[in-house]
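Chemist: Test case, fold it:
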Amino acid sequence: MLKPLTLIFLIFCTIGGMLLSSLFGLPLALGFLLGLTVLVLLCRRMGAAWSDVWEGTRSGAYRTKEVLWILALVGLLIPSWMASGTIPYLIDWGLSLVEPAYFLCSAFLLSTLTSMALGTSIGTLSTIGLPLMGAATILDLPLAMVGGALISGAMVGDRSSPLSSAHQLLAATTETDIQKQSKAMLPTTLGGIVLSCLFFYAWDLQGQLQVEGKEVLDYSFEQQFFFHPLLMLPPLILIGMILLRIKTKYAFVASILASLIIGNYWQGVGGAEWWRYLLHGFDGSSLSILHSKGLLDMTGMIVFIACTGAFNGLLEKHRVIEPYIQQMMGNKTNLTKATCTTSLFGLVMNMLCCNQTLPIMISGRNLLPIWRVRYSGAQLSRVLSDTSLLFAALIPWNILAMLAATIMGVPVTDYLPYAPFLWLMPILTIALSYYYDLQWKRTQSKGGNANEKTIARL
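Modeler: Coordinates of the predicted model:
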C-alpha cells in the first residue's frame, strides 16, 4: 500500500504524461509509460522482486488479449465494410428514413442504429453525424439539440455494441461473459433508449418545425457504390454468429471475409486495393465522411490498452490502492450504496484520467474483488457501463468529449443539457440496484435463502 502523498505523485505522473502526449500530438501510450515506469519503481521500493514486477505486468497485459484482438479486427472490419458498400448502404438507407418534422428523434434513433453497427461513438459521429449536422444547418435547427441527440445515440453503441472496444474491454476487465454482460445491461439499456426517445420526441413536438417537404440531404451514396440487399450480409453474419455464442473474434473474421468477397464482386475492389484499405483505411470515395481508419491506425490504441493492462496488473498484484478502495466501499453495504460509490469513483477517475479506457480498467480491476464477495461481475459491468464508460462524453476536458465536440462543431457544455442518455443512465442504474435490494429484502422477510447474487440475477 502506498502512502497518500506517494499515491498522489503516481497519479500526477500518470495523468501528466498523458496530457503532455495529447498536447504535443504524441501517442497516448508514450505518455502513459511515464506513469507505468514510476509504478514499477514504487513497487520495487515496496520490496517487490523484479520477477514479481514482471509477472504483474505480464498477467495484466495478458488479460487484455481478447480486447486487443477485437481492436485489431475492428481496424480490418470497418474499411472492409466501407469498401464493400455495406456502411454506405446502411447510412443511405437510414438517412432516407429521417423525417424532418421529427428530426431530433430520428437523429437519435439513426445514430443509435449506426453506433450499434459500427461499435464506435467517434466513428458514428464521423459517418452519420456530419451529414445530419449539415442537414440541421440547412433546416435551421438548434445545433446544440441535434448534437445532444447524436452523441446520445453514438454512446448507445459505444456502451452496448459487441463491436465496441469499450464494451469488450469492460467484459474482459470484469471477467464477464459478453452474453451475461449484455443481459445484465439490458434493463437500463432499454430504459435509457425509450426515455431518450420520449425526450427528443417532446422537443420535436414543442418545436413545431415547419420543414415539411424539405430534403434532408442532396446526395446519395448510391452514386458511387452498387447497392444490393446482400450488402447487409456482413453485419448479419457478425450478429448471427455472436448470438449463436461463437467467439467474437471468429465472427469478426467471417464478416470481414464476406465483405472481401462482396466488395470484389459488386464494387470491383482488387487485391492491391484491399491491402491498402485494410492497412491504411478506406479512402476510395470523394465524400470525406466515408473515409475510415485501418489496422495500422489501431496500433496506438492497442499498445495503450496493453500498457493500461500492465499498469493494473501491478496495482492488483501489489495491492497498491486496494486498501483505499476497501475503505471507500466499506465492509457492509447494499447494492444501491455500492452502485453509488462505484459511480462516484468512476466520475473522479474520468475527471483525472481524461480518457475513457483507463477509468474502465482501473475501476473494473480494482473494484471486482470487492464486488464479487456479494455480487456478480456482470452487475459491476452494468454499473460501470452506465456510469464510468459514459462519463467520458460528459467531461469537457476528456479526450472523447473533445473529439465529439470537434466533429459536431458543438461545445460539450452546449450539447450536455440535450444528451439525456448520458445523464439518465446513472440514475437508471442506481434505481435498478435499489429494485434488486428491495427484492432481496422481500425474499429475506419471507424466509427465503436467496443471496444478493441470486436477486441481481442475470
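
Chemist: Next one: the residue lying closest to Ala107 once chain neighbours are set aside relative to His280, how far apart?
Modeler: Closest residue in space to Ala107, ignoring its immediate chain neighbours: Ala149 at 4.3 Å, by CB to CB, 6 or more residues apart in numbering. To be clear about C-beta, it is placed using only N, CA and C from the backbone, and glycine gets the same treatment. Counting by CB to CB, to the nearest Å, the gap from Ala149 to His280 is 32 Å.

Chemist: domains for the chain, by residue range?
Modeler: 4-62+320-455, 66-172+208-297 (automatic domain parsing).

Chemist: closest to Ile193 out of the ones you listed?
Modeler: domain 66-172+208-297 (6.5 Å; CB to CB).

Chemist: Tell me how far the closest one lies from the chain's centre.
Modeler: Offset of domain 66-172+208-297 from its chain centre (CA atoms, centre = their mean, to the nearest Å): 15 Å.

Chemist: What mean pLDDT does that domain get?
Modeler: Mean pLDDT, domain 66-172+208-297: 80.

Chemist: Ramachandran coordinates for His387?
Modeler: Check again: residue 387 is Thr, not His. Torsion angles at Thr387 (phi, psi; degrees, to the nearest 10) stand at phi -130, psi -80.

Chemist: Out of the domains of the chain, which is closest to Phe199?
Modeler: Nearest of those to Phe199, taken as CB to CB: domain 4-62+320-455 at 4.5 Å.

Chemist: Any buried residues in stretch 252-270, and which?
Modeler: Residues 252-256, 258-260, 262-264, 266-267, 269 are the ones in stretch 252-270 that count as buried (16 or more other CB atoms under 10 Å).

Chemist: Give me the nearest residue to the residue most central in space within the chain, chain neighbours excluded.
Modeler: Taking CA atoms, centre = their mean, the centroid of the chain lies closest to Asp158, which sits 3.2 Å from it. Distances taken as CB to CB, 6+ apart put Ser121 closest to Asp158, at 4.0 Å, once the chain neighbours are dropped.

Chemist: ok, how many other residues are close to the one you found?
Modeler: Using other CB atoms under 10 Å as the criterion, Ser121 is surrounded by 31 other residues.

Chemist: Quickly find the element holding Gly294.
Modeler: Using DSSP states H and E, Gly294 is not contained in any helix or strand.

Chemist: Could you do Arg365 as well?
Modeler: Assigned by DSSP H and E, Arg365 falls within helix 357-371.

Chemist: Kindly export that helix (C-alpha atoms) in CSV.
Modeler: Extracted C-alpha coordinates of helix 357-371, given in CSV (Å, rounded to 0.1, in the frame of the first residue of the first chain):
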residue,chain,number,x,y,z
THR,A,357,-10.0,3.5,-21.3
LEU,A,358,-8.1,4.0,-18.1
PRO,A,359,-11.1,4.6,-15.8
ILE,A,360,-12.7,1.4,-17.1
MET,A,361,-9.6,-0.6,-16.4
ILE,A,362,-8.8,0.9,-13.0
SER,A,363,-12.4,0.8,-11.8
GLY,A,364,-13.1,-2.7,-13.0
ARG,A,365,-10.0,-4.4,-11.9
ASN,A,366,-9.7,-2.8,-8.5
LEU,A,367,-13.4,-3.0,-7.6
LEU,A,368,-14.0,-6.5,-8.9
PRO,A,369,-12.6,-8.4,-5.9
ILE,A,370,-14.7,-6.4,-3.6
TRP,A,371,-17.9,-6.7,-5.7
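
Chemist: what sits up against the helix or strand immediately after that helix in the chain?
Modeler: Once helix 357-371 ends, the next helix or strand along the chain (criterion: DSSP H and E) is helix 377-386. Contacting residues not belonging to helix 377-386 are listed as 159-160, 167, 170-171, 174-177, 180-181, 183-185, 188, 192, 335, 338-339, 342-343, 346, 360, 363-364, 367-368, 371-372, 425-426, 428-429, 432-433, 456, 458 [CB atoms under 8 Å, 6 or more residues apart in numbering].

Chemist: Please convert the buried residues of stretch 252-270 to a markdown table, extending it with distance to Met116 and secondary structure.
Modeler: Converted to a markdown table, these look like this (distance: CB to CB, whole Å; DSSP: H, G, I helix; E, B strand; the rest coil):
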| residue | distance to Met116 | secondary structure |
| --- | --- | --- |
| Phe252 | 15 | helix |
| Val253 | 20 | helix |
| Ala254 | 19 | helix |
| Ser255 | 14 | helix |
| Ile256 | 18 | helix |
| Ala258 | 18 | helix |
| Ser259 | 18 | helix |
| Leu260 | 23 | helix |
| Ile262 | 21 | helix |
| Gly263 | 22 | helix |
| Asn264 | 27 | helix |
| Trp266 | 24 | helix |
| Gln267 | 24 | coil |
| Val269 | 25 | coil |
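
Chemist: If anything else comes up later, I'll come back, but that's it for now.
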